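Visitor: Below are the sequence and a predicted model; questions follow.
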Amino acid sequence: MIGVILVDDHVVVRSGFAQLLSLEEDIEVLGQYSSAAEAWPALLRPQVDVAVLDIAMPDENGLSLLRRLRRQRPDFRAIILSIYDSAAFVQSALDGGAGGYLTKRCGPEELVQAVRSVGLGGHYLCSDALRALRGDTQPAKVLEVLTPREREVFELLVKGESVKAIAAQLDLSHKTVHVHRANVLGKLQCATTIELVHFALDHQLLTGQ
């Protein structure tokens, strides 16, 4: 069961999200709060797997709240919610440790998928956010969403290397490579390695292009 906390000062948005998530058998909404101060004690409970944090709240913005939370719990997982979908906002959220980014225009399926992905340790960018990153005039910018290690795994995957070969080359366990591969697919919103290759071709990211 994935335990979720919702923090948003817009009650309609917050309650709507809570109703959608409560329909899922594997997700439990542990609480809804309208401000960072009100939510703080609940967010530190060990039962919380992921928090959905509005980026703009009256007392403290979601990114500042996330930084405070990660000082208490370095592995804290959160999804930033915003009305903005600019590349700068998305990148700031990712740099701040967010596992996901949703705009308030996202569909119900994106909300559920984001909570599942981030709650289980992965990443998720809604289609608006991913388009913003992909729309940068410098094609390689889209890979800034990846950590240095994830980028190494990405480059080897699109060259056709197997998980076993990547593990040997990078001196990692197979399990670790599988985790990095899952993170790469999640961040770039590709379902398979084949889609990842098409993504690399579309953005001229393959060596020699």
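Guide: Ah, there it is.

Visitor: got the residue ranges for the strands in this protein?
Guide: For the chain, applying DSSP state E gives strands covering 2-7, 27-33, 50-54, 78-82, 100-103, 124-125.

Visitor: Buried residues, the second one. List them.
Guide: Residues of strand 27-33 classed as buried by neighbour count (16 or more other Cβ atoms under 10 Å): 27, 29-33. Heads up, the C-betas are built off the backbone N, CA and C, glycines and all.

Visitor: Where do the domain boundaries of the protein fall?
Guide: Segmentation of the chain into domains, based on automatic domain parsing, reads 2-134, 139-202.

Visitor: Just give me how far the shortest one sits from the chain centre.
Guide: Think domain 139-202. Going by Cα atoms, centre = their mean, to the nearest Å, the spacing between the C-alpha centre of domain 139-202 and its chain's C-alpha centre is 16 Å.

Visitor: Pretty sure Arg45 sits against Leu30.
Guide: Yes. Distance between Arg45 and Leu30: 7.3 Å, which falls inside the contact criterion (Cβ atoms under 8 Å).

Visitor: So which bits of stretch 42-53 are buried?
Guide: Judged by neighbour count using 16+ other Cβ under 10 Å, the buried positions of stretch 42-53 are 42-43, 48-53.

Visitor: Please save the CA atoms from that stretch in CSV.
Guide: Extracted in CSV, the C-alpha atoms of stretch 42-53 (Å, rounded to 0.1, in the frame of the first residue of the first chain):
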residue,chain,number,x,y,z
ALA,A,42,2.1,14.4,9.3
LEU,A,43,4.7,14.5,6.5
LEU,A,44,7.4,13.1,8.9
ARG,A,45,5.3,10.0,9.8
PRO,A,46,7.1,6.8,8.6
GLN,A,47,3.9,5.6,6.9
VAL,A,48,4.2,8.4,4.2
ASP,A,49,5.6,7.0,1.0
VAL,A,50,5.0,10.0,-1.2
ALA,A,51,3.7,13.6,-0.8
VAL,A,52,2.1,15.7,-3.5
LEU,A,53,3.2,19.3,-2.7
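
Visitor: pLDDT weak spots in this structure?
Guide: Scanning the chain with the threshold set as pLDDT under 70 gives 135-142, 202-204, 206-209.

Visitor: Helices along that one, start to end?
Guide: Along the chain, the segments classed as helices by DSSP state H run 11-22, 36-43, 62-72, 87-95, 108-119, 127-134, 148-158, 163-170, 174-188, 193-202.
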